[in-house]
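In: using only what follows, build the 3D model:
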Amino acid sequence: MADYFNTMIMPMLEGAKMTILLFLIAIAVSIPLGFLLTLAVNSRFKPLSWLAQTYIYLMRGTPLLLQLLLICFGLPLIPVIGEYLILDRFVAACLGFILNYAAYFAEIFRGGLLSIDKGQYEAAKVLGLNKWQTTTRIILPQMFRIALPSVSNESITLVKDTALLYAVAVPELLHFAQTAVNRDFTIVPFFIAGIIYLLITLVLTMFFKWLEKRFKFE
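Out: Next comes the predicted model:
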């Protein structure tokens, strides 16, 4: 029984490593990129603002799965340059997640900026702070504090969305669970996969709650 359990659980743990790795890469890149998109949307240079808004609309308005399929299987079919756009499946998946979630984080940060009272800017001006000092010392800390709960929710959604890797043949947690189910004719691997996802999201939830408490008392 123990040997069977090891045969089933060890590949799933390897798949969980792939899930966690993709999450860490996507979150580390998409959050800063999302912030840059927010700045672009609020830019006074209208063409840049329009391009950023169009990008966000396209990424949020189309399914992540479609974007992954396009990057993995569609780009290589582009005439002339397609052969140079063939990417490793994991790299392609990371790219898809980063581009998609950057758009969502951009909207979260934009909402955080919009929620800051205009009086904050006036108060900073009275105190003699310049635009850079006002932005870095007053506006951005408040924006991140306001946006943190939404960032937390979106990050947990990202963890669950990593299951879409299964559709582009990247061997993550769900892939190994499905393999075990097909091999052994039992749904136990699905329950184990669910527990692993719950543990990952539990750790993530605790981390963000710690961040919220820290920001609250600063």
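In: ok, then the element right after whichever helix or strand A28 is part of?
Out: Element membership of A28 [criterion: DSSP states H and E] is helix 2-41. The helix or strand immediately downstream of helix 2-41 is helix 46-61, counting by DSSP H and E.
In: tally of neighbours for K131?
Out: Using other C-beta atoms under 10 Å, K131 has 11 other residues around it. Heads up, the C-betas are built off the backbone N, CA and C, glycines and all.
In: quick revisit: quick check: angle from the helix holding A28 to helix 46-61?
Out: Relative orientation of helix 2-41 versus helix 46-61 (axes from the mean of the first three to the mean of the last three C-alpha atoms, to 10 degrees): 150 degrees.
In: buried residues in helix 2-41, which are they?
Out: Within helix 2-41, the residues scored as buried using 16 or more other C-beta atoms under 10 Å are 8-9, 11-12, 15-16, 18-20, 22-23, 25-27, 29-31, 33-35, 37-41.
In: average pLDDT for that helix?
Out: Here helix 2-41 scores 87 as its mean pLDDT.
In: now it: how far from the chain's centre is it?
Out: 9 Å (C-alpha atoms, centre = their mean, to the nearest Å).
In: what's the answer for stretch 65-84, then?
Out: Taking mean C-alpha positions (C-alpha atoms, centre = their mean), stretch 65-84 and its chain are 21 Å apart.
In: start at 889, not 1
Out: Sure, I'll start counting at 889 from here, so that last one is stretch 953-972.
In: and it, what's buried?
Out: Q955, L956, L957, I959, C960, L963.
In: so where does the first one fall, helix or strand?
Out: I take that to be Q955. For Q955, the element it lies in under DSSP H and E is helix 952-957.
In: okay, that helix in CSV with CA atoms only?
Out: The C-alpha trace of helix 952-957 is given here as CSV (Å, rounded to 0.1, in the frame of the first residue of the first chain):
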residue,chain,number,x,y,z
LEU,A,952,-6.5,32.9,-20.6
LEU,A,953,-6.8,29.4,-22.1
LEU,A,954,-7.1,31.0,-25.6
GLN,A,955,-4.1,33.1,-25.0
LEU,A,956,-2.0,30.1,-23.9
LEU,A,957,-3.1,28.1,-27.0
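In: among the buried residues of stretch 953-972, which one sits closest to V1039?
Out: Q955 (20.8 Å; C-beta to C-beta).
In: so that closest one makes contact with G984?
Out: Yes - counting by C-beta atoms under 8 Å, G984 is a contact partner of Q955 at 5.1 Å.
In: how about stretch 1040-1055 as CSV, C-alpha atoms only?
Out: In CSV, the C-alpha atoms belonging to stretch 1040-1055 read as follows (Å, rounded to 0.1, in the frame of the first residue of the first chain):
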residue,chain,number,x,y,z
SER,A,1040,-4.3,38.6,-2.7
ASN,A,1041,-7.5,37.4,-4.3
GLU,A,1042,-6.0,37.6,-7.8
SER,A,1043,-2.9,35.7,-6.7
ILE,A,1044,-5.0,32.9,-5.3
THR,A,1045,-6.9,32.8,-8.6
LEU,A,1046,-3.5,32.6,-10.4
VAL,A,1047,-2.6,29.5,-8.4
LYS,A,1048,-5.9,27.8,-9.4
ASP,A,1049,-5.5,28.9,-13.1
THR,A,1050,-2.1,27.0,-13.3
ALA,A,1051,-4.3,23.9,-13.9
LEU,A,1052,-4.7,25.3,-17.4
LEU,A,1053,-1.1,24.1,-18.0
TYR,A,1054,-2.7,20.7,-18.5
ALA,A,1055,-4.2,22.0,-21.8
